[in-house]
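J.: need a 3D model of the sequence below.
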Amino acid sequence: TPGLLVEWLVRERVVEAIFGEGMHDQMVRRCVEVLCFLAMRGALDSRLLELIWRSSLDKHASVRQAIYLVLIDLTGHLPPPLIDQLYDHIRSVPYAEYTPHTVVLLRGFSVAALQAAAASSANSAASPPPKPRQWYGLHELWELMQSEAPVSDELRSMGGNVLSDLLGWATCAGRRAEFLERCVDRLRVGESVPQALRLCQRIVASFPGKPRKKGDSVFTVLAWLEERHQLTAVIFADIDRYHAAARRRLEAIRSGGACGAAAAGAEADASASSALSQPVTEHLAQVAERLDFLSFCITHGAFSLTRGQMDVLWDCCVVNAASPLEADRLFRWLETARLKAGDALDAETTRHLFARASELQPELLSTSAYSCIEITIYIVSRRLLLMTALALFTGGAGGGRAGPSLYLPSCTFPVPSLNLPSGGAGGGRA
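T.: Numbers count the residues shown, from 1 in each chain. Sure, this is the predicted structure:
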């Protein structure tokens, strides 16, 4: 019977034998059913859980990985006190000692622990059901993805991805607003901005794409962020602040390289150019993160670039570009934003963009710049042609009078004067 089997496993100290001196990773991988059976029968206590955890310390990566996988499977069968105990053990690992296996453990444990807590709440007789006592793993993953965490970029990215997956899960839906506000706070102070932008975008994208009568959608969440936290103002303030700091940093590197090259010749010049390559690449990645998030907001929300915001982007990425690639990145972004969202730039901003582009030297323009300017000219010309066509039907029959000023939802253009022949309203062909 199950009771006799439990007695035998305890009496023969099977768990102690598996995780004792002669522990082997293959044996560990095959013992998960035994541990889950003991946990389901209430025979796996705090002492045994402590033994299993301590057996993972200072072990080879393959052994540690096997124990972590066992702990993930075991979590769903543990009572709340032992889940909390295991959580304390995981939290005791310093971030500097994290490996990909640690992140996998944290993810698997969090999913199982949150599911167990949610099931316990659903089965409770209380009304409404109580919330889980702890949101296992969310805080640790948030800390892991920050720039100041003593981990590699790979682990930082893994932490952000796992956190976004958990927050996209219905069980954690109640915590989305809190983490969206945390992301905006990061933008305000200019810290861990790429990670905050990626997480913010993924959380917002976890909502339904189409507006709903009941419940939030991508559009309403972006509107809430704009109304409550002035999202676009925060983003453009960050772009301006970041670019000014990046420009000073790159100019210092260039100045140091120029002095060294002047003193040591061509070899030092090549070395200085190489030293500048990596910082410029990192800078372009930072700019791309901000532009990608703006594109998401414009495409899915009721946002249009204003003239002032266009000036911020233009001054940063074109006038004060760290590299020609940065200006090309903005030109391509403007072209794509226009194609994805027709109202990305209103009429005034479009005319202002054309005016700013007209200041550039044609012989220095890249293919991306020409393409962006070509589309801008096309849009402005198309609207003017539309106004002219409307004038033919509204004011053209009155002779040489100037057409009226017509209003469109996005802009107001003065219709040009049309010198039509006096018989234009008759049967003559245009």
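J.: does C297 touch T232 like I think?
T.: Yes. C297 is within contact range of T232, at 7.1 Å (criterion: C-beta atoms under 8 Å). In this view, the C-beta of every residue, glycine as well, is placed from N, C-alpha and C.
J.: any shared contact partners between the two?
T.: Residues touching both C297 and T232 by C-beta atoms under 8 Å, 6 or more residues apart in numbering: F303.
J.: who's in contact with M27?
T.: I18.
J.: tell me the mean pLDDT over the particular helix or strand that has it in it?
T.: Under the criterion of DSSP states H and E, M27 resides in helix 25-29. Averaging pLDDT along helix 25-29 yields 90.
J.: for the strand or helix carrying V104, buried residues please.
T.: Counting by DSSP H and E, the element that carries V104 is helix 100-122. The neighbour-count check on helix 100-122 (16 or more other C-beta atoms under 10 Å) flags 101-114, 116-118 as buried.
J.: and stretch 348-361, by the same measure?
T.: Quick answer for stretch 348-361 (16+ other C-beta under 10 Å): 349-353, 356-357.
J.: got a list of contacts for the helix or strand hosting S164?
T.: Applying DSSP H and E as the criterion places S164 in helix 153-167. Residues from elsewhere that reach helix 153-167 (C-beta under 8 Å, 6+ apart): 98-100, 103, 106-107, 110-111, 114, 137-138, 141-142, 144-147, 149, 151, 172-173, 175-176, 179, 195, 198-199, 202-203, 206.
J.: please flag which of the buried residues of stretch 348-361 sit within helices.
T.: 349-353, 356-357 (DSSP state H).
J.: how about the buried residues of stretch 348-361, which pair is most distant?
T.: T349 and A357 (12.3 Å; C-beta to C-beta).
J.: packing partners for whichever helix or strand comes after the helix holding S164?
T.: On the C-terminal side of helix 153-167, the nearest following helix or strand under DSSP H and E is helix 176-189. Judged by 3 or more C-beta pairs under 8 Å, 6 or more residues apart in numbering; DSSP states H and E, helix 176-189 is in contact with helix 138-144, helix 153-167, helix 193-205, helix 218-229, helix 231-264.
J.: state the mean pLDDT of helix 176-189.
T.: What helix 176-189 shows for mean pLDDT is 96.
J.: before we move on, what about stretch 331-348?
T.: Across stretch 331-348, the average pLDDT comes to 81.
J.: output that stretch as PDB - backbone C-alpha positions only.
T.: Presented in PDB, the C-alpha positions along stretch 331-348 are these (Å, rounded to 0.1, in the frame of the first residue of the first chain):
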ATOM      1  CA  PHE A 331      15.200  58.100 -41.900                       C
ATOM      2  CA  ARG A 332      14.200  54.400 -42.200                       C
ATOM      3  CA  TRP A 333      12.200  54.700 -38.900                       C
ATOM      4  CA  LEU A 334      10.200  57.700 -40.200                       C
ATOM      5  CA  GLU A 335       9.500  55.900 -43.500                       C
ATOM      6  CA  THR A 336       8.300  52.800 -41.600                       C
ATOM      7  CA  ALA A 337       6.300  54.700 -39.100                       C
ATOM      8  CA  ARG A 338       4.500  56.500 -41.900                       C
ATOM      9  CA  LEU A 339       3.600  53.300 -43.600                       C
ATOM     10  CA  LYS A 340       2.500  51.500 -40.400                       C
ATOM     11  CA  ALA A 341       0.400  54.400 -39.100                       C
ATOM     12  CA  GLY A 342      -0.900  57.000 -41.500                       C
ATOM     13  CA  ASP A 343      -1.300  59.500 -38.700                       C
ATOM     14  CA  ALA A 344       2.200  59.100 -37.300                       C
ATOM     15  CA  LEU A 345       3.000  62.600 -38.400                       C
ATOM     16  CA  ASP A 346       0.300  65.200 -38.700                       C
ATOM     17  CA  ALA A 347       0.200  67.800 -41.500                       C
ATOM     18  CA  GLU A 348       2.100  70.500 -39.600                       C
END
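J.: rewinding a little: what is the nearest of the ones in helices among the buried residues of stretch 348-361 to L305?
T.: Taking these together and measuring to L305 by C-beta to C-beta, the closest member is T349, at 5.3 Å.
J.: which ones are touching the closest one?
T.: Taking C-beta under 8 Å, 6+ apart, we find T349 in contact with 304-307, 309-310.
J.: any idea how far L313 is from it?
T.: 11 Å (C-beta to C-beta, to the nearest Å).
J.: shared neighbours, the two?
T.: What both T349 and L313 touch, as defined by C-beta under 8 Å, 6+ apart, is the set L305.
J.: neighbours of K59, how many?
T.: 14 (other C-beta atoms under 10 Å).
J.: make sure it is indeed in a helix.
T.: No. Counting by DSSP: H, G, I helix; E, B strand; the rest coil, K59 is not part of a helix but coil.
J.: tell me the contacts of it?
T.: K59 neighbours (C-beta under 8 Å, 6+ apart): I67.
J.: model confidence over stretch 215-235, on average?
T.: On average, stretch 215-235 scores 92.
J.: just the residues contacting that stretch, thanks.
T.: Contacts with stretch 215-235, where a contact means C-beta under 8 Å, 6+ apart, come from 180-181, 184, 187-188, 204-205, 207-211, 290, 293-294, 297, 300-303, 309.
J.: low-confidence ranges in this structure?
T.: 121-133, 257-274, 342, 378-430 (pLDDT under 70).
J.: now do 90
T.: Applying pLDDT under 90 to the chain flags the ranges 1-3, 20-25, 58-62, 116-134, 209-216, 250-279, 299-305, 322-324, 331, 334-430.
J.: among the contacts of T349, which are in helices?
T.: Residues of the contacts of T349 located in helices (DSSP H): 307, 309-310.
J.: now do the contacts for P194.
T.: 285-286, 289.
J.: any chance of those residues in CSV, with distance to E7 and secondary structure too?
T.: Shown next, in CSV, are the contacts of P194 (distance: C-beta to C-beta, whole Å; DSSP: H, G, I helix; E, B strand; the rest coil):
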residue, distance to E7, secondary structure
A285, 60, helix
Q286, 62, helix
E289, 59, helix
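J.: ok now stretch 109-122, how far from the chain's centre?
T.: How far stretch 109-122 lies from its chain's middle: 26 Å, per C-alpha atoms, centre = their mean, to the nearest Å.
J.: likewise for stretch 360-380?
T.: 30 Å.
J.: quick one: contacts of that stretch?
T.: Here stretch 360-380 has contacts from 318, 324, 327-328, 331-332, 334-335, 338, 350-351, 353-354, 357, using C-beta under 8 Å, 6+ apart.
J.: apply 7 Å and report the result again.
T.: If you take C-beta atoms under 7 Å, 6 or more residues apart in numbering as the criterion, stretch 360-380 is touched by 324, 327-328, 331-332, 334-335, 338, 350-351, 353-354, 357.
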